[in-house]
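In: have a look; sequence and predicted model below, questions after that.
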Amino acid sequence: MNPLRTLATTGRVLVQIRNDPRTIALLLIVPSLLIGLVAWIFDETEVFSTIGPAMLALFPFIVMFLVTSIATLRERRSGTLERLLSMPLGRGDFILGYTLAFGLLAIVQTAVAVGYATMICGLEIEGSVGLLFVVAIADALLGTALGLLASAFARTEFQVVQFMPVFVFPQILLGGIFLPRDQLPEVLETIGDWLPLSHAIDALNAVSTGDEDDAYIWLRVLFIACWIVGAIIVGSLTLRRRTP
Amino acid sequence: MMNNSVEVRSLTVRRGRTTVIDALDLDVPRGAIVGLLGPSGSGKTTLMRAIVGVQIVSGGKVDVLGRPAGSAALRHRVGYMTQAASIYDDLSVRANLRYFARVQGAPKSEVDRVLERTDLTGQADQIARTLSGGQANRVSLAAAMLGSPDLLVLDEPTVGLDPLLRADLWELFRRLAEEGTTLLVSSHVMDEATRCDRLLLMREGAIIADTTPHDLLAGTGAASAEDAFLRIIDKDISAPGASGRGGRSGTRLLSREGRFRTDRGHGAKAGGRR
């Protein structure tokens, strides 16, 4: 691992994205549009104030998962990954380079989504907006890390897209958005308690209501961070210099 | 050891249950252009990948510049150009090379140098997606040349190029060799054989001839390189034990000058990549 090579990779990924303005627009606008839609659906009710924070957790996660898994698969299929691994690039440089690039994008995406949700949709954040960012970024990095992992198991673009429901849907269903986790059947509640997105949703709810102290939120962030590190380690093990 | 850039001893590569390369031996002398020729699917790419150190091998030894292939110390010193242009098609030519130069640890000036040598200066700011196939291939070659590696492994570098560009590239290879670079170049265009210092003909995962352009023509009495290779392949197919079972025959097929060596494996089905 070498910081110069990691940053070179980050820079390269960001330039690639900059050369693709439509992707930038989609990354920045789509989450806000969907949050706006949810707010509109529940216009006359109190529902948005309870599920709005969870929406902020969901979009960076899903978007980053998709973008990362497809970008990595493209590297594998175009032969650029093979070229890089025959050069003095560490596997950690590759993964961390991607993580940093998409982490930066996630910050911008979250800023737009939070701004839109609070100023236009009237979502109220009682707690610290800074913490909200921390959780949302952790969430986006989680999506990046799991996306890297998923791409290792996919041979085609079709498979990658199918992995999205596999990795993401159960976390949404068991995360407590549809039904609070303590009302789920016991087995599902236990599973849900171990999934990272559940903790992101808990943390964002806590930030928006301001009911819990900072330690509660940081503990959730730490839990997500463990998942990120785990996924990155497993993901880098799947990056082999030698292939059949 | 020091006179050879690459030494391969009884290299065996299996993919699933098929043997792609069967107990292959090979020496590539330093500063030479060695042509690796053979029909597609004969194992050329697999052999090159083994030399670069990105191929899982099931047996044998591959030494490159005195070290085991794929060692960390070799990653600066071996340039590899894959068959498909492995570049980022959403980056400009210059941005591609700049990134690979940073990964290679080569100075920025290297980018302009390889652009010039591959005659791509005019396309430097073009997005790679908009390049022609031949241009994209040259970008891939330029990337392999960054940092002036001691060994260049080039997998079909001239495929899809017009004759003029092909001649230009071979001139470039010659200049690189004169500067001391060793080049291992694969091709299935047999006429390119005459440009090399040494020729290896592969078929079904084995090297069936190891010769020089002059001896190739003289030894087979053929008029063209293509013709000569067809004769060698014919001889190889009809060689005793060629389709037999039970291990390598290790026959040395005698040509007029006893130069053509035949090491045929048993029914090795070549499942070359791409």
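Out: Arrived safely.
In: assumed B:Ala167 was part of a strand.
Out: No: secondary structure assignment (DSSP: H, G, I helix; E, B strand; the rest coil) places B:Ala167 in helix, not in a strand.
In: next one: phi and psi at A:Pro180?
Out: phi -50, psi 140 (degrees, to the nearest 10).
In: likewise for B:Leu11?
Out: Residue torsions, per degrees, to the nearest 10, at B:Leu11 are phi -70, psi 130.
In: give me every residue that touches it.
Out: B:21, B:23-26, B:47, B:50, B:57, B:59-62 (C-beta atoms under 8 Å, 6 or more residues apart in numbering or on different chains). Heads up, the C-betas are built off the backbone N, CA and C, glycines and all.
In: which residues does it bridge with?
Out: With DSSP bridges as the criterion, B:Leu11 is bridged to B:Leu24.
In: one step back: just the buried ones from the contacts of B:Leu11?
Out: Among the contacts of B:Leu11, those buried by neighbour count (16 or more other C-beta atoms under 10 Å in any protein chain shown) are B:21, B:23-26, B:47, B:50, B:57, B:60, B:62.
In: I'd like these as JSON lines, with pLDDT appended.
Out: JSON lines is the format used below for those (pLDDT from 0 to 100):
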{"residue": "B:Ile21", "pLDDT": "90"}
{"residue": "B:Ala23", "pLDDT": "88"}
{"residue": "B:Leu24", "pLDDT": "90"}
{"residue": "B:Asp25", "pLDDT": "90"}
{"residue": "B:Leu26", "pLDDT": "90"}
{"residue": "B:Leu47", "pLDDT": "94"}
{"residue": "B:Ala50", "pLDDT": "93"}
{"residue": "B:Val57", "pLDDT": "91"}
{"residue": "B:Gly60", "pLDDT": "89"}
{"residue": "B:Val62", "pLDDT": "92"}
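In: export the contacts of B:Leu11 to CSV and tack on secondary structure?
Out: Shown next, in CSV, are the contacts of B:Leu11 (three-state DSSP):
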residue, secondary structure
B:Ile21, strand
B:Ala23, strand
B:Leu24, strand
B:Asp25, strand
B:Leu26, strand
B:Leu47, helix
B:Ala50, helix
B:Val57, coil
B:Gly59, strand
B:Gly60, strand
B:Lys61, strand
B:Val62, strand
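In: out of these, which is nearest to chain A?
Out: Minimum distance to chain A across these is 8.1 Å, recorded for B:Val57 (C-beta to the nearest C-beta).
In: now do the contacts for B:Ile21.
Out: B:11-13, B:43, B:46-47, B:50, B:205-206, B:268.
In: turn these into a markdown table, columns for distance to A:Ile29.
Out: Shown next, in a markdown table, are the contacts of B:Ile21 (distance: C-beta to C-beta, whole Å):
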| residue | distance to A:Ile29 |
| --- | --- |
| B:Leu11 | 54 |
| B:Thr12 | 55 |
| B:Val13 | 49 |
| B:Gly43 | 50 |
| B:Thr46 | 47 |
| B:Leu47 | 50 |
| B:Ala50 | 48 |
| B:Gly205 | 54 |
| B:Ala206 | 58 |
| B:Ala268 | 56 |
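In: residues contacting B:Glu192?
Out: With C-beta under 8 Å, 6+ apart, B:Glu192 has these contacts: B:35, B:37, B:158, B:166, B:170, B:185.
In: ok but it is inside a helix, no?
Out: Yes: the assignment for B:Glu192 by three-state DSSP puts it in a helix.
In: from chain A, how far off is it?
Out: As defined by C-beta to the nearest C-beta, to the nearest Å, B:Glu192 lies at a distance of 22 Å from chain A.
In: interface residues of chain B facing chain A?
Out: B:15, B:52-56, B:70, B:72, B:75-76, B:78, B:80, B:82, B:84-91, B:95, B:99-100, B:102-105, B:127, B:143 (C-beta under 8 Å from any C-beta of the partner chain).
In: whatever residue of chain A ends up closest to chain B: neighbouring residues, count only.
Out: Proximity of chain A to chain B (C-beta to the nearest C-beta) peaks at A:Gly79, 3.2 Å away. Residues lying near A:Gly79 (other C-beta atoms under 10 Å in any protein chain shown) number 19.
In: ok, it touching B:Tyr80?
Out: No: A:Gly79 lies out of contact with B:Tyr80 (C-beta atoms under 8 Å); the separation is 10.0 Å.
In: returning to that earlier point: buried subset of the residues of chain B next to chain A?
Out: B:15, B:52-55, B:70, B:75-76, B:78, B:80, B:82, B:84-91, B:95, B:99-100, B:102-105, B:127, B:143.
In: among those residues, which ones are in helices?
Out: Using DSSP state H, B:52, B:95, B:99-100, B:102-104, B:143 are the members of these that sit in helices.
In: which residues of chain A lie near chain B?
Out: Contact residues (C-beta under 8 Å from any C-beta) of chain A with chain B: A:4-5, A:8-9, A:11-12, A:15-16, A:19-20, A:78-80, A:82-89, A:241-244.
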